[in-house]
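Peer 1: Fold the following and give me the result.
(3 chains)
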Amino acid sequence: MTSHTEYLTITTPTRYEIRDITGEVERVCRTAKLHDGFVLVSTMHITSSIFVNDHESGLWSDIMTWLEELAPAGEDYRHHLTGEDNADAHLKRMLLGHQVLVPVTGGALDLGPWERVHYGEFDGRRPKRIVLKAFGIGAAA
Amino acid sequence: MTSHTEYLTITTPTRYEIRDITGEVERVCRTAKLHDGFVLVSTMHITSSIFVNDHESGLWSDIMTWLEELAPAGEDYRHHLTGEDNADAHLKRMLLGHQVLVPVTGGALDLGPWERVHYGEFDGRRPKRIVLKAFGIGAAA
Amino acid sequence: MTSHTEYLTITTPTRYEIRDITGEVERVCRTAKLHDGFVLVSTMHITSSIFVNDHESGLWSDIMTWLEELAPAGEDYRHHLTGEDNADAHLKRMLLGHQVLVPVTGGALDLGPWERVHYGEFDGRRPKRIVLKAFGIGAAA
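Peer 2: This next block holds a predicted model:
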């Protein structure tokens, strides 16, 4: 039984951004010497997402346009009575989800051919942390 | 390796409600004497949600208003041909999700500063159960 | 500690379909001789979903109608500039999610009375794979 936890910090230059972080998940799996189990990838902030989808910039653009339609910025949200202006980010992040569990089999991420782990930022321009916890059966020494 | 399972029952006084249950997750983590691993928090009913977001009543109100826009009650749903009247609750619960996996590191919930675990009820006024399973490496005796 | 991984292939006859796969999850749990832990059920394709909801054909129809309203096919998506025509499937799958973690307690799936695990297909008519990983404490021999 092995467990290994890392934290990744991302500061996006813009308010909204989608970024492929699969390489980081692979790196944590290797560092943990995990043979079989999982890597939990979970954003620690409530205005960003972790999700699995295609690494394709047109689709990323479609996702952002679609989220803006379903959970628009600039509306008269009650959350803004607290002085915040990011209620849309809290809602957008719910639509994509905030964590994924990546299975690990035979020492490698057990993903389909087009599955990639993404970070979705909806209130960026400041440091955000992601926890990555590799958990399971370690490789024999 | 340790595993500990508890069930929490919630009966809300109204049909729709959001409630912070992070204290219950912390309690289960302590009772399990979990040092490193996870607590799965999963509603056992199909008209309620478990999700992570901000503990802020204005945002909770925004979430309920928004869910009502995206998955309105009172529509002419086919599910209602069975005699049920809660198809909207089945849809609302999909938008927020029905389970979260809370990482545990160093004996404590490994959450970001504003992350709180919430129960979202969309067809309340009767008892609903939530399963909480703490799983991982126990603290040394 | 035990871990057991299987892959399920589904080819739906139509583009859109919802199918109850709880029996497959139960079978994998039994084959793994899992006493306490989890079965991760995760689609390996980015145009399909795994979700928990009611086994009721009227509700399944409502879900498909609702997804079509929130993420319609046939729109002018940028993803289609790549030659694809399935951007709606990539979006629909986000709304329902792509994986669930089914708790196992006392050797059986620890589900509520109406919880059933479903596969949601939004771009079918070709083989799609699902990974099922049972993980936890095995039954005593």
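
Peer 1: Quickly note the distance from A:Ala139 to A:Ala32.
Peer 2: 9 Å (C-beta to C-beta, to the nearest Å). (C-beta placed from N, C-alpha, C; glycine too.)

Peer 1: if you count what's nearby, which of the two comes out ahead?
Peer 2: More neighbours surround A:Ala32 than the other of A:Ala139 and A:Ala32, with 23 against 13 (other C-beta atoms under 10 Å in any protein chain shown).

Peer 1: residues touching the more buried one, list them.
Peer 2: A:Thr2, A:Ser3, A:His4, A:Val39, A:Ala134, A:Gly138 (C-beta atoms under 8 Å, 6 or more residues apart in numbering or on different chains).

Peer 1: As a check, name the ranges of all helices in chain A.
Peer 2: A:22-31, A:57-70, A:87-96 (DSSP state H).

Peer 1: Show me what the longest one packs onto, helices and strands only.
Peer 2: Counting contacts by 3 or more C-beta pairs under 8 Å, 6 or more residues apart in numbering or on different chains; DSSP states H and E, helix A:57-70 is packed against strand A:17-20, helix A:87-96, helix C:87-96.

Peer 1: if we can go back for a sec, tell me the most buried of the helices of chain A?
Peer 2: Mean neighbours per residue, mean count of other C-beta atoms under 10 Å in any protein chain shown, is largest over the helices of chain A for helix A:87-96, with a mean of 25.

Peer 1: Run the angle between that helix and helix A:57-70 for me.
Peer 2: In terms of direction (axes from the mean of the first three to the mean of the last three C-alpha atoms, to 10 degrees), helix A:87-96 departs from helix A:57-70 by 120 degrees.

Peer 1: by contact count, what packs against helix A:87-96?
Peer 2: Packed next to helix A:87-96, using 3+ C-beta pairs under 8 Å, 6+ apart, are strand A:48-53, helix A:57-70, strand A:116-121, strand B:48-53, helix B:57-70, helix B:87-96, helix C:87-96.

Peer 1: center of chain A - which residue?
Peer 2: Most central in chain A under C-alpha atoms, centre = their mean is A:Ile50, positioned 2.2 Å from the mean C-alpha point.

Peer 1: Could you tell me how far it is located from chain C?
Peer 2: Note on A:Ile50: its distance to chain C, by C-beta to the nearest C-beta, to the nearest Å, is 12 Å.

Peer 1: A:Gly120 now?
Peer 2: 10 Å.

Peer 1: quick one: contacts for the closest residue to chain B within chain A?
Peer 2: Closest to chain B within chain A is A:Met44: 3.0 Å, counting by C-beta to the nearest C-beta. Contacts for A:Met44 (C-beta under 8 Å, 6+ apart) come out as A:Tyr7, A:Lys128, A:Arg129, A:Ile130, A:Val131, B:Leu111, B:Gly112, B:Pro113, B:Glu115.

Peer 1: what do you get for A:Val104?
Peer 2: By C-beta under 8 Å, 6+ apart, the contact list for A:Val104 reads A:Cys29, A:Leu34, A:His35, A:Asp36, A:Gly37, A:Phe38, A:Val39, A:Asp110, A:Ala134, A:Gly136.

Peer 1: Over to A:Leu34?
Peer 2: A:Thr2, A:His4, A:Val104, A:Gly107, A:Ala134, A:Phe135, A:Gly136, A:Ile137, A:Gly138, A:Ala139.

Peer 1: How about the second one, nearest residue that isn't a chain neighbour?
Peer 2: Excluding its sequence neighbours, the residue lying closest to A:His4 (C-beta to C-beta, 6 or more residues apart in numbering or on different chains) is A:Ala32, at 3.6 Å.

Peer 1: Repeat that for the last one.
Peer 2: With sequence-adjacent residues excluded and distances taken as C-beta to C-beta, 6+ apart, A:Ala139 is closest to A:His35, at 4.3 Å.

Peer 1: Could you list the contact residues of chain A toward chain B?
Peer 2: Applying C-beta under 8 Å from any C-beta of the partner chain, one finds that chain A approaches chain B through A:1, A:3, A:5, A:40, A:42-46, A:70-71, A:77-82, A:87, A:90-91, A:93-95, A:97-99, A:101, A:129, A:131, A:133, A:135.

Peer 1: Select only the buried ones of these in ChimeraX?
Peer 2: A single ChimeraX command selects the buried members of the residues of chain A next to chain B (16 or more other C-beta atoms under 10 Å in any protein chain shown):
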select /A:3,5,40,42,43,44,45,46,70,71,77,78,79,80,87,90,91,93,94,95,97,98,99,101,131,133,135
